[in-house]
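# task: produce atomic coordinates for the following.
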Amino acid sequence: MNLRRTKIVATLGPSTDDPAMLERIFEAGVNVVRINFSHGADKVQSRIDAVRACAAKLSLTIGILADLQGPKIRIARFIEGSITLVPGAQFILDAGLDADMGTEEMVGIDYKELVDDVAFGDILLLDDGRIVLTVQEVTAPRIICRVEVGGPLSNHKGINRLGGGLSAEAFTEKDQRDMKVAVAAGVDYIAISFPRDAADMQYAREMLESMNGKAGLIAKIERAEAIEHIDEIINASDGVMVARGDLAVEIGAAQVPGAQKEIIRRARALDKPVITATQMMESMIENTIPTRAEVSDVANAVLDLTDAVMLSAESAIGAHPDKVVDTMSRICIAAERERETQISGHRMEMRFARIDEAIAMAALYTANHLSIKAVITLTESGATPLMMSRIKTSIPIYGLSRHLDTLGKMTLYRDVYPMFFDFTKVPIERINASSVNVLKDQGLVEDEDLIILTKGDHIGMHGGTNSMKIIRVGEV
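Below is the predicted model of the structure:
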């Protein structure tokens, strides 16, 4: 069996609303679906219901990630719907202009505080950097600019400031409303857009806790300021996403590959999952095969040990989402065969602060140096399999839990395969054998295979993993 260790996140949209297509992308290898709250809010619940129905039909555990919109700093609308800007011309961003009255000379903006955030000489990037403006003068409510790079510009395009520094809050009133919807739907993860520092993530967590939400919080790294505070943001989150679109506009596209590698490295070091996102298979929105550059992009993210790679428009509005998922899966599997993804020196010279962390490290070290077929970890919270997944290995880690929210969270962890098993309903003397039988019944292990089992003496206690046992299948 060729198990893929890197997880695939696929964004849902019109192209996946057909139940038959949803089933095909799940069979092709999707582990987590992304619900984008920037689009189609009226279809959020129906899409979540469809995911759960399809997952149940196929006997799969599929995680659900709700992606909140965050602050969208955009231009307003043009009288004619679009204009063309000419290099060297003057163009005004006017916070006082009526939203529908944009012309080739000026356009309104939805974020009125932009006039307080910019100054002479600042570079403003519109439409993901396709249009470049230099600020010449700020006279509230107008920002008078010179067009450096022109071209067509249409309604509602985004505005970024090169180098970051815009003061817009990461968590908006719309996000608060959408978070309530996500919590009520019981999603596994909620992504927070444009956090600048740990305080933004802590505020989002306070909002989540006030709603009695259990979802993990994913920090989307897409601001220049976030790079400067990366460790504190990771520590304040349950995972991070390298959101390369807006990040490239803020720090420059040439800086993104290095930033991506560093974010993945720090997330793994701090025991948090990381998603690599944006334009990974962009050409496959329409084409049936990817470009060679896209293949290398996905493979390099896998070689860097990202937990997951994400599809956006490719699956949401693409012509053939199932082909995209299948192609991405095959690229991941090929990259995972490389030796550098399998041999680990992780924390060999470090002391451990927790017993369950020591057990996780010992289990994977042993697995990597003995002929182990699989690692089974009985888990309440998912903490032990998460720590195991930080270690390079080619050996599958099966996270067995009785909690659906724990199973959902484990869908994002590299190398970890969540399985439902209520070990509290098994006599204590039968737990080892019953755990092994969960895998044996599915043909994942067979008699004479060596496996490693980790668990806690006190069944049902969070953070209680304190034992590791090597078992020969058929002898328990």
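# what about residue 376, how many neighbours?
28 (other C-beta atoms under 10 Å). From N, CA and C alone the C-beta is placed, and that goes for glycine too.
# can you name the residues bridging to it?
Using DSSP bridges, the bridge partners assigned to residue 376 are residue 398, residue 453.
# against residue 395, how distant is it?
Between residue 376 and residue 395 the computed distance is 11 Å (C-beta to C-beta, to the nearest Å).
# and residue 401, by the same measure?
As judged by C-beta to C-beta, residue 401 and residue 395 stand 19 Å apart.
# surely residue 95 and residue 142 touch.
Yes - counting by C-beta atoms under 8 Å, residue 142 is a contact partner of residue 95 at 7.4 Å.
# between those two, which contacts overlap?
Residues touching both residue 95 and residue 142 by C-beta atoms under 8 Å, 6 or more residues apart in numbering: residue 115.
# excluding chain neighbours, give the residue nearest to residue 146 in space.
Nearest-residue entry for residue 146: residue 134, 5.0 Å, with adjacent residues in sequence omitted and distances by C-beta to C-beta, 6 or more residues apart in numbering.
# residue 392: neighbour count?
Residues contacting residue 392 under the criterion other C-beta under 10 Å number 20.
# report the separation between it and residue 336.
In this view, residue 392 and residue 336 are 10 Å apart by C-beta to C-beta.
# now do the contacts for residue 39.
Contacts here follow C-beta under 8 Å, 6+ apart; on that basis residue 39 touches 13, 316.
# bridging residues for residue 66?
Beta-bridge partners, per DSSP bridges, of residue 66: residue 35, residue 190.
# if we can go back for a sec, looking at residue 401 and residue 395, which one has more neighbours?
Neighbour count, other C-beta under 10 Å: between residue 401 and residue 395, residue 401 has more, with 25 against 22.
# where's that one relative to residue 424, distance?
Using C-beta to C-beta, residue 401 is found at 11 Å from residue 424.
# and residue 122, by the same measure?
Taking C-beta to C-beta as the measure, residue 122 falls 59 Å from residue 424.
# more crowded one of the two?
More crowded of residue 122 and residue 424, by other C-beta under 10 Å: residue 122, with 18 against 12.
# now that one. Nearest residue, chain neighbours left out?
Sequence neighbours aside, residue 135 is the residue nearest to residue 122 in space, at 4.4 Å (criterion: C-beta to C-beta, 6+ apart).
# next: residue 174.
Leaving aside its sequence neighbours, residue 174 sits nearest to residue 69 (C-beta to C-beta, 6+ apart; 6.1 Å).
# I'd guessed the one you found sits against residue 191; true?
No - with contact defined as C-beta under 8 Å, residue 69 does not count as touching residue 191 (10.0 Å).
# more crowded one of these two?
In terms of neighbours (other C-beta under 10 Å), residue 191 is the more surrounded of residue 69 and residue 191; the figures are 29 against 17.
# thought that one was touching residue 238?
No - under the criterion of C-beta under 8 Å, residue 191 makes no contact with residue 238, lying 10.4 Å away.
# now for the closest residue to residue 373 other than its chain neighbours: which residues touch it?
Excluding the flanking residues, the one nearest residue 373 by C-beta to C-beta, 6+ apart is residue 449, at 4.0 Å. When contacts are counted by C-beta under 8 Å, 6+ apart, residue 449 touches 373, 374, 472, 473.
# got the confidence number for residue 449?
For residue 449, the pLDDT comes out at 96.
# distance check, it against residue 431.
For residue 449 relative to residue 431 (C-beta to C-beta), the value is 18 Å.
# what backbone torsions are found at the nearest residue to residue 316 once chain neighbours are set aside?
Nearest non-adjacent residue to residue 316, counting by C-beta to C-beta, 6+ apart: residue 13, 2.8 Å away. Backbone torsions of residue 13, given as degrees, to the nearest 10, read phi -170, psi -160.
# what about residue 13, distance to residue 175?
Per C-beta to C-beta, residue 13 is found 20 Å from residue 175.
# now do residue 415
From residue 415 over to residue 175 the distance is 32 Å, taken as C-beta to C-beta.
# the more surrounded of those two?
Higher neighbour count among residue 415 and residue 175: residue 415, with 28 against 22, using other C-beta under 10 Å.
# could I get the phi/psi values of the residue nearest to residue 373?
Per-residue torsions, residue 449: phi -70, psi 140 (degrees, to the nearest 10).
# helix or strand for residue 10, which one?
Using DSSP states H and E, residue 10 sits within strand 7-11.
# who does that strand pair up with?
Within its sheet, and counting by DSSP bridges, strand 7-11 is paired with strand 32-36 (parallel), strand 308-311 (parallel).
# SS state for residue 55?
With DSSP: H, G, I helix; E, B strand; the rest coil as the basis, residue 55 sits in helix.
# quick one: end-to-end distance for stretch 79-89.
Start and end residues of stretch 79-89 are separated by 19 Å (C-alpha to C-alpha, to the nearest Å).
# buried residues in that stretch, which are they?
For stretch 79-89, burial by neighbour count (16 or more other C-beta atoms under 10 Å) applies to 83, 85.
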